[in-house]
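**Q** What follows is a predicted protein model with its sequence.
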Amino acid sequence: MKKLSIFLLLVLLAYSLFANGVLIKNGISGQYLTITGCRVETVITNQVATTVATMRFYNNYSVSTSTVFAFPHPPEASPTALSWFVNGAWHDAVIEPGAGGSVVPPGEDMYPALDNYLGKTYLAFPVSEHVQPAAEMIFRVTYVQLLPYLNGRVEYDFNSSYGYLTNQPLDSLSVDIQISGNRTISNVLLPGFTNVNIDIDGPTASVDLMASTFNLDLDIELSYDLAMENLGASTFSTFIDHQYVPDDLGDGFFMSIVEPQPSADVIQKYFTFMLDRSGMMNDASMQQAKDAASYMIQNLNAGDYFNIVDFATVAGTFAVNHVPFNPANRDLALSYIANLEPEGSCNISGAFDTAIPQFGGAPDEAAHVIVFLTIGHPSTGIIDTPTLVDHIDNLVTATDRDVNIFCFGVGTNVAFQLLSMISAAHQGIATYVGLNELLDVLIDFYTKIRNPILLDPELEVVGQTGNITQIYPDPLPNLYLGNQMILCGRYHQAANLVFNIGGYVLGSHVNYHYEHALGQTSEPGMQFLMKIWAKLKIEHLMALYYQLDPYSPQAIALHDQIVQISIDYGVLCSFTSFSGGEVANPEDTVPPALHPIRITACGPNPFKNHVDLKVMVNDAKRGPLTLNIYNARGQLIRSIIIYPDKAGEYIFRWDGRDAAGRSVASGVYLCRIGVTGFSQTARVVLIK
């Protein structure tokens with residue numbers, strides 16, 4: 001039974017970085033304003049990162065100039081806000097329908113070093129205001145992302161290396177990363193930096209980095225390890241004030257992270273690597289493809305079966321059917337791969353005619369996996385996209401097996417819609433990479449899907465009809481050892497979430513049962529759940545959209561729905577872009593500090609009855625202002641939330657009581673006040 005897969009469009013590398021932005025004067029000749037400072041503020045909660053990157057630029061030219069701000073990003077992270085300061089005023093961009101701006105005029109080539117730095121996917125924003133000579137311009141980008149996770153390790157990257165764009169150092173680099181979750185953090189690594197402070201305290205950690213005269217030749221590549229405990233399923237939820245929720249699907253948002261125990265049984269694979277060896281493959285790309293195929297063959301599991309299908313004008317095959325993985329077959333396959341050479345045209349239909357029927361003899365309980373790599377469009381055989389997609393569907397149906405097809409498009413001239421439709425229809429992922437990036441991407445991908453442990457999973461929510469809704473992704477992806485399944489949904493009122501995840505393991509149906517309470521209060525630090533839900537909803541609708549003729553009424557309706565969600569929830573997508581630039585505060589003519597908030601007073605301290613914490617809010621658009629109060633053992637005892645509607649001073653008053661209204665003991669308490677991407681802490685003493 002075939003299912004529509006969640007569509008994850010990975011236009012860049014699977015391990016792509018967010019990076020410093022570039023303020024471009026001329027994208028053809030490679031002229032840029034000088035970047036002088038960067039501050040990165042990140043809050044990571046259970047592998048969900050919200051980052052605010054603030055960059056300062058200096059007009060080193062002798063004339064007033066127009067600019068385009070470009071910010072490279074991988075699509076698995078979603079920009080949510082863009083602001084800039086120029087000529088004495090802050091401006092806020094808005095999300096609107098339509099494609100974004102361009103770095104160079106149509107038909108012109110981008111400066112090679114700039115093209116290489118920006119990659120295939122980047123935010124391009126033409127700034128309407130000119131920046132004067134010797135004047136500063138500040139840009140601030142906010143984005144949210146689900147961080148890569150494998151076997152307990154979480155990775156967060158920010159590319160601060162400009163490569164060949166400039167050799168001028170930053171005046172200052174500041175990094176503030178706050179990490180929290182439900183699992184103990186055993187290690188935090190930030191290689192290459194000596195002036196970094198890392199503090200680990202159980203399930204929380206902080207990373208602070210301050211550098212002056214920083215050379216732009218080193219990336220921020222943070223990783224941290226989680227103890228392999230508390231596995232199974234963890235659920236986090238929050239209830240949002242209705243005025244901040246743009247629809248009536250429920251004011252509650254929740255996310256469940258499901259991860260199997262490392263000892264879970266690994267399912268046997270029947271694996272086919274389909275390799276494009278048409279004349280469109282150059283020698284370098286062909287060698288990378290051959291190296292990737294060799295790596296996958298060498299890293300199969302005992303008990304797996306495999307085959308290789310190569311295609312040009314006609315298709316070839318290593319074996320008539322899948323063969324068992326053993327040293328003899330491995331060595332023969334490596335020799336077969338080594339002798340492949342590019343030639344001829346691209347017959348994609350012929351390749352699938354050869355590859356798919358071979359799965360008819362595979363056991364039904366095994367994982368049936370195709371990794372399909374191509375560099376261009378079909379040029380012989382079936383070349384019409386809808387006809388070819390239907391043909392592949394019919395081939396799979398005839399095998400009576402679920403075949404997962406993972407497509408890799410190499411270079412810029414790939415059949416985008418074709419590969420997207422193939423993967424989306426067969427529980428796969430469509431990935432698009434540069435000509436020189438293939439080997440690393442395929443190795444990273446195969447490491448993650450090497451060990452399947454739950455096939456054809458299905459979600460059942462017990463009871464709560466009409467209360468708990470809109471859970472994504474839908475349907476669920478297969479589950480692999482060391483990876484996680486992320487579910488995000490909505491609810492109308494507090495409830496006990498009871499759900500089952502069923503699927504097949506080694507031919508037997510298994511069912512995992514989980515229960516979690518969903519509250520009806522606004523939980524501090526969980527506002528990001530709105531963005532993550534909207535992101536997953538958009539990805540689900542995009543999967544449906546790419547199954548259709550883009551000019552059909554159904555596709556147009558889906559397009560409009562995606563655009564509306566993007567605008568309503570402030571999550572950029574393929575169909576929307578940043579535009580406009582209303583003055584955020586016309587009376588604010590002085591560039592504010594990079595800190596969005598600042599604790600200005602705390603007293604009386606020590607205190608007996610109450611203590612007031614005064615906070616100056618410079619940026620009210622960061623969302624709710626949260627005060628978390630911790631005792632000396634690091635336990636959260638009370639949270640207070642304020643919703644600022646404008647910049648200015650706000651006051652938190654704590655009466656020395658915990659969340660249940662009970663008086664707490666005398667002692668030292670830490671009061672952490674935070675907004676999205678930033679926090680400050682004050683120490684107070686209660687005396688009775």
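**A** Structure received.

**Q** For stretch 286-299, C-alpha coordinates in CSV please.
**A** Only the C-alpha atoms of stretch 286-299 are listed here, as CSV (Å, rounded to 0.1, in the frame of the first residue of the first chain):
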residue,chain,number,x,y,z
MET,A,286,31.1,10.6,-11.9
GLN,A,287,33.9,9.8,-9.5
GLN,A,288,32.0,11.2,-6.5
ALA,A,289,29.0,9.1,-7.5
LYS,A,290,31.2,6.0,-7.8
ASP,A,291,32.8,6.7,-4.4
ALA,A,292,29.4,7.2,-2.8
ALA,A,293,28.1,3.9,-4.3
SER,A,294,31.2,2.1,-3.1
TYR,A,295,30.8,3.5,0.4
MET,A,296,27.2,2.3,0.6
ILE,A,297,28.0,-1.1,-0.7
GLN,A,298,30.9,-1.5,1.8
ASN,A,299,28.6,-0.5,4.7
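
**Q** List the buried residues of it.
**A** Neighbour-count burial for stretch 286-299 flags 286, 288, 289, 290, 292, 293, 294, 296, 297 (criterion: 16 or more other Cβ atoms under 10 Å). (Glycine included, C-beta is placed from N, CA and C.)

**Q** any weak-confidence spans in the stretch 451-600 of the chain?
**A** Within the stretch 451-600 of the chain, the stretches with pLDDT under 70 are 506-507, 581-595.

**Q** 80 instead, please
**A** Scanning the stretch 451-600 of the chain for pLDDT under 80 picks out the ranges 451-453, 463-465, 481, 504-508, 523-525, 546-547, 580-596.

**Q** In a markdown table, list the buried residues of stretch 286-299 along with pLDDT.
**A** Formatted as a markdown table, the buried residues of stretch 286-299 follow (pLDDT from 0 to 100):
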| residue | pLDDT |
| --- | --- |
| 286 | 86 |
| 288 | 83 |
| 289 | 86 |
| 290 | 89 |
| 292 | 86 |
| 293 | 89 |
| 294 | 92 |
| 296 | 88 |
| 297 | 91 |
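
**Q** As CSV, the residues you listed with distance to residue 89 and secondary structure would be great.
**A** As requested, those are exported to CSV (distance: Cβ to Cβ, whole Å; DSSP: H, G, I helix; E, B strand; the rest coil):
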residue, distance to residue 89, secondary structure
286, 54, helix
288, 49, helix
289, 52, helix
290, 56, helix
292, 51, helix
293, 56, helix
294, 57, helix
296, 55, helix
297, 60, helix
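
**Q** ok, so of these, who is nearest residue 61?
**A** Nearest to residue 61 among the buried residues of stretch 286-299 is residue 288, at 40.6 Å by Cβ to Cβ.

**Q** is it true that the closest one touches residue 441?
**A** No: using Cβ atoms under 8 Å, residue 288 makes no contact with residue 441, being 9.4 Å away.

**Q** can I see the domain layout of the protein?
**A** For the chain, automatic domain parsing gives the domain ranges 18-226, 269-450, 597-686.

**Q** Compare these and report which one is nearest to residue 539.
**A** domain 18-226 (9.5 Å).

**Q** so where does residue 186 fall, helix or strand?
**A** Secondary structure from DSSP states H and E places residue 186 in strand 185-189.

**Q** Report the backbone C-alpha coordinates of that strand in PDB.
**A** Presented in PDB, the C-alpha positions along strand 185-189 are these (Å, rounded to 0.1, in the frame of the first residue of the first chain):
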ATOM      1  CA  ILE A 185      23.900  16.900  28.400                       C
ATOM      2  CA  SER A 186      27.100  14.900  28.700                       C
ATOM      3  CA  ASN A 187      29.400  17.000  26.500                       C
ATOM      4  CA  VAL A 188      29.500  20.200  24.500                       C
ATOM      5  CA  LEU A 189      32.100  20.900  21.800                       C
END
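
**Q** That strand pairs with which strands, and in what direction?
**A** strand 220-226 (antiparallel) (DSSP bridges).

**Q** how many neighbours does the closest residue to residue 664 other than its chain neighbours have?
**A** Residue nearest to residue 664 in three dimensions, not counting chain neighbours: residue 658, with 5.5 Å by Cβ to Cβ, 6 or more residues apart in numbering. When neighbours are defined as other Cβ atoms under 10 Å, residue 658 has 14 of them.

**Q** From residue 352, how far off is residue 658?
**A** With distances taken as Cβ to Cβ, to the nearest Å, residue 658 is found 63 Å from residue 352.

**Q** do the same with residue 29
**A** Remark: distance between residue 29 and residue 352 (Cβ to Cβ) = 46 Å.

**Q** How about residue 479?
**A** Separation of residue 479 from residue 352 (Cβ to Cβ): 26 Å.

**Q** Phi and psi next, for residue 331.
**A** phi -70, psi -40 (degrees, to the nearest 10).

**Q** any idea how far residue 298 is from it?
**A** Taking Cβ to Cβ, one finds residue 331 at 10 Å from residue 298.

**Q** One more: residue 38?
**A** On the measure of Cβ to Cβ, residue 38 and residue 298 end up 41 Å apart.

**Q** and what of residue 260?
**A** For residue 260 relative to residue 298 (Cβ to Cβ), the value is 25 Å.

**Q** what do you get for residue 651?
**A** As for residue 651, its distance to residue 298 is 63 Å (criterion: Cβ to Cβ).

**Q** Run a quick check on residue 496 versus residue 514, I expect a contact.
**A** No: counting by Cβ under 8 Å, residue 496 stays clear of residue 514, with 10.9 Å between them.

**Q** okay, those two: which has more neighbours?
**A** Set side by side, residue 496 and residue 514 show more neighbours around residue 514, with 15 against 11, by other Cβ under 10 Å.

**Q** show me what contacts the more buried one?
**A** Shown in contact with residue 514 (Cβ atoms under 8 Å, 6 or more residues apart in numbering): 232, 233, 235, 256, 258, 497, 498, 499, 500, 501.
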